[in-house]
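1. Turn this into a model:
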Amino acid sequence: MKRAEITSLPSAVAHVAVVIPCFRVARQILTVIAAVGPEVTRIYVVDDRCPEGSGRRVQAECTDPRVRVLFHETNQGVGGAVISGYQAAMADAADIVVKIDGDGQMDPRLLPRFIAPLLDGRADYTKGNRFYHLESLSGMPTIRLFGNAILSFLSKIASGYWDLMDPSNGYTAIRGEVLRQLPLAKLDRRYFFESDMLFRLGTLRAVVADIAMNARYQDETSSLRIARVLREFPLKYLRSFAKRLFYVYFLRDFNACSVQLLLGSALAAFGFCFGAFEWSRSIASGVTATDGTVMLAALPIILGVQFLLAAASFDTANIPRQPIHPQLRDCGGAPPPPDSGARS
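-> Have a look, this model is predicted:
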């Protein structure tokens with residue numbers, strides 16, 4: 001793919017930074033850096049206590065003046081490495097911060113595609129989507145394909161971005177004004193980082209756009225294990241979902257969906273508890289419950305489910321549509337969070 005085939009950037013960009021977390025990528029990192037185009041003004045390579053010495057190799061062999069290497073004294077996970085890069089980019093007043101992996105799976109020549117929606121005001125955050133073109137799925141391992149499909153559905157529920165796919169995709173770009181609003185200290189430091197980002201962006205009502213891309217699977221080994229996903233991710237998604245409902249429909253707003261959630265939950269809970277109580281009492285006494293008792297249990301459940309379905313319908317249509325970064329830029333945004341402890 002030639003660079004000319006990819007959308008070029010307007011000349012109005014002041015400062016585009018790229019964050020590259022590094023762990024066991026010593027063989028690929030120099031090639032990745034070399035492919036980053038001139039639209040980028042700063043590259044932050046974050047060595048997350050890499051046993052292969054990726055950061056030291058960059059320092060010794062890379063002559064690109066845009067590169068700055070950050071080192072973690074202890075391994076913090078991919079999320080922790082990205083956060084360190086984010087904080088360095090904010091300290092340097094980056095307008096847009098892009099994150100790509102150092103293993104060569106993400107083509108740096110696609111950067112203009114990710115940046116363009118942020119520049120023209122259509123989005124606050126962009127992320128890759130490997131599910132857009134069916135032919136691109138042929139190179140994805142079956143276990144990854146199945147796992148990403150399940151994670152995508154869970155992420156839709158947790159984040160409220162019902163129109164997005166591939167939540168674990170790490171090819172992302174974010175406006176600096178929006179990045180400054182995120183509680184970076186609270187973000188997940190490990191493999192749930194990308195999904196946690198979507199949840200936090202959802203509570204801010206930021207506009208997120210999917211960017212079609214192909215992944216390049218080579219000889220790299222993924223550190224993410226299916227057992228870890230099954231053990232950790234469902235509970236984290238459930239916690240994010242509960243927090244999002246509270247933040248969006250009760251703390252920062254109260255609307256029709258709020259009422260539907262309250263009534264639906266109350267009615268369904270009453271019907272279920274009352275029905276269970278009467279059923280157990282009927283079993284103990286041997287006396288069949290009357291039709292009225294059955295209806296008194298069933299009707300609240302039916303009504304409650306209807307209210308909850310209406311709330312779900314409201315939520316799927318309540319996807320953020322108005323980018324927030326113009327307003328944040330006008331009001332000066334928020335101060336950057338404290339330093340993460342990375343050293344350069």
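
2. what about the helix or strand containing K243, distance to the chain center?
-> Assigned by DSSP states H and E, K243 belongs to helix 226-246. On the basis of Cα atoms, centre = their mean, to the nearest Å, helix 226-246 sits 13 Å off its chain's mean C-alpha point.

3. Which residues belonging to that helix are considered buried?
-> Going by neighbour count (16 or more other Cβ atoms under 10 Å), the buried part of helix 226-246 is 229, 233, 236-237, 240-241, 243-245. Quick note: C-beta positions are derived from backbone N, CA and C, even for glycine.

4. Now do the same for N148: its pLDDT.
-> Note for N148: predicted pLDDT of 77.

5. Helix or strand next in line after the helix holding K243, which one?
-> Toward the C-terminus from helix 226-246 - assigned by DSSP H and E - lies helix 256-285.

6. Quick one: mean pLDDT for that following helix?
-> 95.

7. Then stretch 234-249?
-> 95.

8. For that stretch, list the C-alpha coordinates in PDB.
-> Taking C-alpha atoms only, stretch 234-249 is exported to PDB below (Å, rounded to 0.1, in the frame of the first residue of the first chain):
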ATOM      1  CA  PRO A 234     -17.200 -10.600  32.300                       C
ATOM      2  CA  LEU A 235     -17.100  -9.200  35.800                       C
ATOM      3  CA  LYS A 236     -15.300  -6.000  34.600                       C
ATOM      4  CA  TYR A 237     -17.900  -5.600  31.800                       C
ATOM      5  CA  LEU A 238     -20.700  -6.000  34.400                       C
ATOM      6  CA  ARG A 239     -19.200  -3.400  36.700                       C
ATOM      7  CA  SER A 240     -18.700  -1.000  33.800                       C
ATOM      8  CA  PHE A 241     -22.300  -1.500  32.700                       C
ATOM      9  CA  ALA A 242     -23.700  -0.700  36.100                       C
ATOM     10  CA  LYS A 243     -21.500   2.400  36.500                       C
ATOM     11  CA  ARG A 244     -22.500   3.600  33.000                       C
ATOM     12  CA  LEU A 245     -26.200   3.300  33.800                       C
ATOM     13  CA  PHE A 246     -25.700   5.300  37.000                       C
ATOM     14  CA  TYR A 247     -23.600   8.000  35.400                       C
ATOM     15  CA  VAL A 248     -25.600   8.500  32.200                       C
ATOM     16  CA  TYR A 249     -29.200   8.000  33.400                       C
END
